[in-house]
Structure formats: C-alpha cells, structure tokens
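Enquirer: pasting a predicted model and its sequence here:
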Amino acid sequence: MGTSVFYFVATLSVIFSLMVIFSKNPVHSVLYLIVTFFTFTVHYILLNAQFLAVVNFIVYMGAIMVLFLFVLMLLNLNKDNEPLKSTLVKVVGVIAGCCLVVTLVGTLKATAISDPVILRNPNLGLVKNLGKELFGPFMLPFELCSILLLSAMVGAILLTKKEKV
Amino acid sequence: MGDITQQLQGVPLNHYIWLSTIIFTIGVIGVLTRRNAIVIFMSVELMLNAVNLLLTAFSVHSNDPSGQIFVFFIMTLAAAEVAIGLSIIVMVYRNTQSTDVNVLNRLKW
C-alpha cells in the first residue's frame, strides 16, 4: 500500500501538469499549476523532506502563484486574446518532446540503476539538519542569494516604473 | 509523518527519474507550443520543479543533505526569475498591448 501512494500522486502530477499547458485560459493554467505544486509538496512529504515541503508550500503556492495571478489580473487577458499557434508547430513540438523522453529514458536504461529509495537517516530533511548545513559549508552561497533577491527586487521595481516619475 | 515515510521504502529510484523526465518534457512541450508569455513562464516553473524533485530524491537516496540545500537555492532563484520575468511581461504588455511572443520579432533579422 505504501508505494501506491507515490504512484497515485505521480499520476496526479502528470495529469495536472498536462492540463497546465493544454488549457486555453491562462487563469485556469495558473490554478492547475497550483494543484501541480501541491502534488509536489506531497512528494516532498513522502520523501521526508519536511523543510522543503513547507518552503514549497509557502514560496511556490503562496508567493509565486499569487504573483502570477496578480499579473494576469493586471493585464486583463481574455480567453480569445491568444492567437493559437498553427497545428504544424504544435505537432512538431509534441514530437520533439517525445524524442526528448525517448532519449532520456534510453540513457537511463543504459545506466541501469534501480535501487529503491531508502531513507537511512530520518533526520535528513528536517530544519535542524538543513540549517546546520546551510549556515556551515553553504554560508557564502546563502549570502549571495540575499544579494540576488535584493537585485531582483530593485530590477523589478525599475522595470515596471513609468518613464516619467 | 514517520509512519508515512516508513511505508515508502519500495519506490525504485528509476521511477523518480521517469516522473521528473516526464514533467520536464511537459514543460519543454509547453515552451515549444504556447505563444502566451505567461504560460511559457509557467512551463519554465514546471521544469524547475521537476529538477527540484529529482534533486530531493537523489539527496534522500544517497543520504546527503546538500541536494536539499541546492533545491532551496533553486527556489530562491525561481522567485527572483519570476519577479523579473513578470515585470518584463508587464512592460511588454504596456508597449504592445499583448503578451504574444510572436509580436516580439523585431530583433529577428
């Protein structure tokens, strides 16, 4: 019964991510993307990565998706606003994606690793363990991330500002 | 929480790789076939999340917390990328009244 949870959630992830790219209305795409991210949160919980599950829930489903929805509402996009690509481009895109899947899975077959994922250390994904790792060997990248976020904030404000103040 | 994860012990690593491959490819197909810039951004988010899931699975598999730290950094980068990208989309919409990427072909030749 234990592994069937994974396959059920994985099926839901694939279905909802397909609906993200094939739904006509962008607002529906955003809502399906939120459901997809929720299934990813369930995956993280199944892997006992509790810190990542919480961060995924808050940052992706909370912040990023709200940003997407705000921009969609600001732009006032209608359903018939998007001219569809020609059928040829769509078919070629799907064929190219299938070729990518075949290539990657074929490469994977050549390596032939299929050990089951076993959680050896139950404290692996907890906040305490990850915090020690984050503020120990990964101190410099962590500080650089703060500079990245600051510059992104300044850039976003500068880009969306009107020309004349 | 521990009971759920104790039951997980049987999923092979290959199945995680297949799931991530499929979702990454769905993102690639979305980038190739859609013309709305916002939907293209959503497809990029799907690709980033597929990589995140794979990094977490490998981290648990090899008992190394560095993979989950990388996922944290990727989430930071995704937040910055979405902020900048959406502001660029807002600016493009202000200039062209559309988010169609095919309108933006002035730099093509």
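Expert: Ah, there it is.

Enquirer: please count neighbours and contacts with C-alpha atoms only from this point.
Expert: Noted.

Enquirer: run a quick neighbour tally on the residue of chain B found nearest chain A.
Expert: Each residue of chain B has a distance to chain A, by CA to the nearest CA, and the smallest belongs to B:Pro12, at 3.8 Å. Each residue near B:Pro12 was counted by other CA atoms under 10 Å in any protein chain shown, and the total is 17.

Enquirer: for chain B, which segments are assigned as helices?
Expert: If you assign secondary structure with DSSP state H, the helices in chain B sit at B:2-6, B:13-33, B:37-61, B:66-96.

Enquirer: mean neighbour count for those helices - can I get that in TSV?
Expert: As requested, those are exported to TSV (neighbours: other CA atoms under 10 Å in any protein chain shown):
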stretch	mean neighbour count
helix B:2-6	14
helix B:13-33	22
helix B:37-61	22
helix B:66-96	19
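
Enquirer: distance to A:Val5 and mean pLDDT for those helices - can I get that in a markdown table?
Expert: As requested, the helices of chain B are arranged in a markdown table below (distance: least, CA to CA, whole Å; pLDDT from 0 to 100):
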| stretch | distance to A:Val5 | mean pLDDT |
| --- | --- | --- |
| helix B:2-6 | 9 | 56 |
| helix B:13-33 | 13 | 90 |
| helix B:37-61 | 16 | 91 |
| helix B:66-96 | 22 | 89 |
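
Enquirer: how about those in JSON lines, adding distance to A:Ser29?
Expert: Formatted as JSON lines, the entries for the helices of chain B read as follows, by distance: least, CA to CA, whole Å:
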{"stretch": "helix B:2-6", "distance to A:Ser29": "31"}
{"stretch": "helix B:13-33", "distance to A:Ser29": "11"}
{"stretch": "helix B:37-61", "distance to A:Ser29": "7"}
{"stretch": "helix B:66-96", "distance to A:Ser29": "16"}
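
Enquirer: give me the residue from chain A nearest chain B.
Expert: Minimum separation of chain A from chain B (CA to the nearest CA) falls at A:Pro116, amounting to 3.8 Å.

Enquirer: state the distance from A:Phe8 to A:Phe38.
Expert: Distance from A:Phe8 to A:Phe38, counting by CA to CA, to the nearest Å: 13 Å.

Enquirer: more neighbours: those two, which one.
Expert: Neighbour comparison, A:Phe8 and A:Phe38: the larger count goes to A:Phe38, with 19 against 11 (by other CA under 10 Å).

Enquirer: does that one count as helix, strand or coil?
Expert: For A:Phe38, the secondary structure call by DSSP: H, G, I helix; E, B strand; the rest coil comes out as helix.

Enquirer: and A:Ser146, how many residues sit next to it?
Expert: The burial count assigned to A:Ser146 is 12, neighbours taken as other CA under 10 Å.
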